[in-house]
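Participant: Show me the folded form of this:
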Amino acid sequence: MTATAAAAALAPARGPRHLAGTGALLRLALRRDRVMIPAWVLVVGLTVAGMGSSYETLYPTTAQRAGLAASMNANASLRALYGPVFGDSIGGLVAWRMAGLGAVLAAVMSLLIVVRHTREEEETGRQELLSAAMVGRRAPLTAALLTALVANAALAVVVAGGLAGSGQPATGSLALGIAVGGAGMLFAGVAAIAAQLTESARPAKGLTGAVLGLAFALRAAGDAATAGASSPLLWVSPVGWAENVRAYAGERWWVTLLFAGGTVLAVAAAYALTARRDIGMSFLPARPGPARAPRALSGPFGLAWRLQRTTLLGWTLGFLCAGGIFGGIAKGASDLVGGNQQTLEIFRRMGGQQGLTDAFLATMAGMLGMIASLYAAGSVLRLHGEETGGRAEPVLAGAVGRLRWACGHLAVAALGTVVILGAGGLALGVGYGISVHDVGAGLGRVLGATLSQVPAVWTLTGVAVLVHGALPRAAAGVWAVVGGCLAIGWIGPALKFPQWAMDLSPFSHLPKLPGGQATAAPFLWLLGLSLLFTAVGLVGLRRRDMG
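Facilitator: Next comes the predicted model:
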């Protein structure tokens, strides 16, 4: 090979030939995500569409809706959590509740799609095999972004069509759909950049998640600072952009151009980075470890702790912040509910029949528990990632058995759940105590209420172990189970799900604490189920082939 030919081969990718194979990779990605994408789109889209009928039941008159808007906009803590209300129509309330939240959910969907079809493919070695065929240098990234585009376009159509079909104005419905889908595409570009910077899928997801968390925090701080959504912090946050589209309240169509411009810049940066690195390489390589391993790595638990400690730290800090915010607004729960009996009934269905403040605290403790199940499921599924990535085989080739290896990760998942819920409960109690000028007021009760969610989280942990051990090909289904429990607990009370549907979630069987009556039976049943599921999963793991 001549020097000219060698230089041409090593030159950055340019031209259509470097997109060769994009269509085939796109079809492959859509086939692999044929369950995940429709599930995300339908759950998020139908949830947004269903909010309209819920608010029609809760706030049937204009005066009631105006009262809700006034109480929300007058309370800085509630604005930080939910954002301001720009319009007191049914559509305006849906946009208030779901614009920022829908943007966050679309962003999570997009980061999972893009990282899965870029960095995860490189990490497992599949991308190198594909690149040996007629596949252009930029084709994998292009196919991943097009897959995210299909998903976000479908989500925007479902949101807009569902709201318009339920009787809401078509203009506002379209604006809300575009805002949610536009936020998703922007974070697809962010995830594409993260996939070039990091050397594995896990830090790529973590980096994108950190950017998303920062965007949400900036939105919350901006809304808390000003009542009219005029804070500069909102204009540096894509979540704030979704809010400021102002669907059903004099739509600001020019704000959607921010999503388009941000997406173009992010995608261009991702393409520039991918043209300047080799497959499998990254711009932020992991630091080399010490020459001699510390004694802490001498066993399976030490290895699992080393692999998951950063994730646990991030979740703990997040729960501290969330608990503090929830506790700080507990005193204002009565302002949010006012005299609306329908809203009061929702709080009681979620938090019990006790006093309103206790019901609100019980609701927040339940929410922390449901969110903690995401950490527990991800921690258990780290076993699946280690196995499919080929990193488990060297460990198991030594004196470490499968059960010891698995139990190391399960210990981190189980104890980590207690740690993050303890942090969230402590912050929830302290935040509430500060708001009522008595830090010790109910701190023990609130902390105990939050920790009472542990058996339900452990039950879902057992489900994750069962699926990984007995049905490893269906490991992705764990997220569907956890997401279904989140949906039941989150929107079930508002949409008045039947009792049999509510009972599908382990969280529905726990007493509503603080303030409710607690008995040992539900805790013992959930602990028994978690042990049963875990035992069956470990038996399956021991008997099946690895990989």
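
Participant: doesn't residue 393 make contact with residue 405?
Facilitator: No. In this structure residue 405 lies outside contact range of residue 393 using Cβ atoms under 8 Å: 10.7 Å. All C-beta atoms are positioned from the backbone trio N, CA, C, and that covers glycine.

Participant: So for the two, which residue has more residues nearby?
Facilitator: residue 405 (22 against 12; other Cβ atoms under 10 Å).

Participant: tell me the pLDDT at the more buried one?
Facilitator: What the model reports as pLDDT for residue 405 is 90.

Participant: quick one: what helix or strand has it in it?
Facilitator: Secondary structure assignment for residue 405, by DSSP states H and E: helix 402-435.

Participant: helix/strand/coil for residue 148?
Facilitator: helix (DSSP: H, G, I helix; E, B strand; the rest coil).

Participant: Poorly predicted segments of the chain, please.
Facilitator: Across the chain, the ranges flagged by pLDDT under 70 are 1-16, 77-78, 280, 289, 331-356, 441, 494-496, 547.

Participant: tell me the centre residue of it?
Facilitator: Closest to where the C-alpha atoms of the chain average out (Cα atoms, centre = their mean) is residue 108, at 5.6 Å.

Participant: what's the closest non-adjacent residue to that one?
Facilitator: Distances taken as Cβ to Cβ, 6 or more residues apart in numbering place residue 212 nearest to residue 108, at 7.3 Å, with adjacent residues excluded.

Participant: Verify the stated contact: that neighbour with residue 109.
Facilitator: No. Judged on Cβ under 8 Å, residue 212 makes no contact with residue 109 at a distance of 11.4 Å.

Participant: phi, psi of residue 137?
Facilitator: Dihedral pair for residue 137: phi -70, psi -40, per degrees, to the nearest 10.

Participant: so how far is residue 122 from it?
Facilitator: Applying Cβ to Cβ, to the nearest Å, the value for residue 137 to residue 122 is 13 Å.

Participant: Name the surrounding residues that touch the helix or strand hosting residue 265.
Facilitator: Assigned by DSSP H and E, residue 265 belongs to helix 256-274. Helix 256-274 is contacted by residues 13, 137-138, 141, 145, 175, 178-179, 182-183, 185-186, 188-190, 192-193, 195-197, 238, 241, 245, 283 when judged by Cβ atoms under 8 Å, 6 or more residues apart in numbering.

Participant: Narrow those residues to those in helices?
Facilitator: Residues of those located in helices (DSSP state H): 141, 145, 175, 178-179, 182-183, 185-186, 188-190, 192-193, 195-197, 238, 241.

Participant: quick one: residue 240 and residue 401, what's the gap?
Facilitator: Taken as Cβ to Cβ, the span from residue 240 to residue 401 is 51 Å.

Participant: of those two, who's got more company?
Facilitator: A direct count of neighbours by other Cβ under 10 Å for residue 240 and residue 401 places residue 240 higher, at 28 against 12.

Participant: list the contacts for the more buried one?
Facilitator: 100, 215, 218, 219, 222, 223, 229, 233, 234.

Participant: Tell me how far the helix or strand encompassing the fourth one lies from the chain's centre.
Facilitator: What that stands for is residue 219. Following DSSP H and E, one finds residue 219 within helix 201-225. Chain-centre distance of helix 201-225: 11 Å, with Cα atoms, centre = their mean, to the nearest Å.

Participant: That helix: which residues count as buried?
Facilitator: Neighbour counts over helix 201-225 (16 or more other Cβ atoms under 10 Å) mark 201-209, 211-212, 215-216, 218-220, 222-225 as buried.

Participant: Which strands or helices does it pack on?
Facilitator: helix 76-82, helix 90-117, helix 119-124, helix 170-197, helix 238-244, helix 300-329 (3 or more Cβ pairs under 8 Å, 6 or more residues apart in numbering; DSSP states H and E).

Participant: wait, which of the ones you listed is closest to residue 23?
Facilitator: The closest of the helices and strands packed on helix 201-225 to residue 23 is helix 90-117. By Cβ to Cβ, the value is 14.1 Å.

Participant: what is the orientation angle of the closest one with helix 170-197?
Facilitator: Taking axes from the mean of the first three to the mean of the last three Cα atoms, to 10 degrees, one finds that helix 90-117 is oriented at 20 degrees with respect to helix 170-197.

Participant: list the helices and strands helix 90-117 packs on?
Facilitator: Going by 3+ Cβ pairs under 8 Å, 6+ apart, helix 90-117 lies up against helix 22-32, helix 36-58, helix 62-74, helix 76-82, helix 139-165, helix 170-197, helix 201-225, helix 238-244.

Participant: Can you lay out these as CSV showing distance to residue 299?
Facilitator: As requested, the helices and strands packed on helix 90-117 are exported to CSV (distance: least, Cβ to Cβ, whole Å):
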stretch, distance to residue 299
helix 22-32, 36
helix 36-58, 35
helix 62-74, 52
helix 76-82, 43
helix 139-165, 38
helix 170-197, 32
helix 201-225, 22
helix 238-244, 42
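
Participant: Which one, of the ones you listed, ends up nearest to residue 416?
Facilitator: Taking the helices and strands packed on helix 90-117 one by one with Cβ to Cβ, helix 201-225 is closest: 15.4 Å.

Participant: before we move on, the earlier item: which two among the contacts of residue 240 are spaced furthest apart?
Facilitator: Farthest pair in those (Cβ to Cβ) is 215 and 229. Separation: 15.0 Å.

Participant: what's the offset of the helix or strand harbouring residue 467 from the middle of its chain?
Facilitator: Here residue 467, judged by DSSP H and E, is contained in helix 454-470. A distance of 19 Å separates the C-alpha centroid of helix 454-470 from that of its chain, computed with Cα atoms, centre = their mean.
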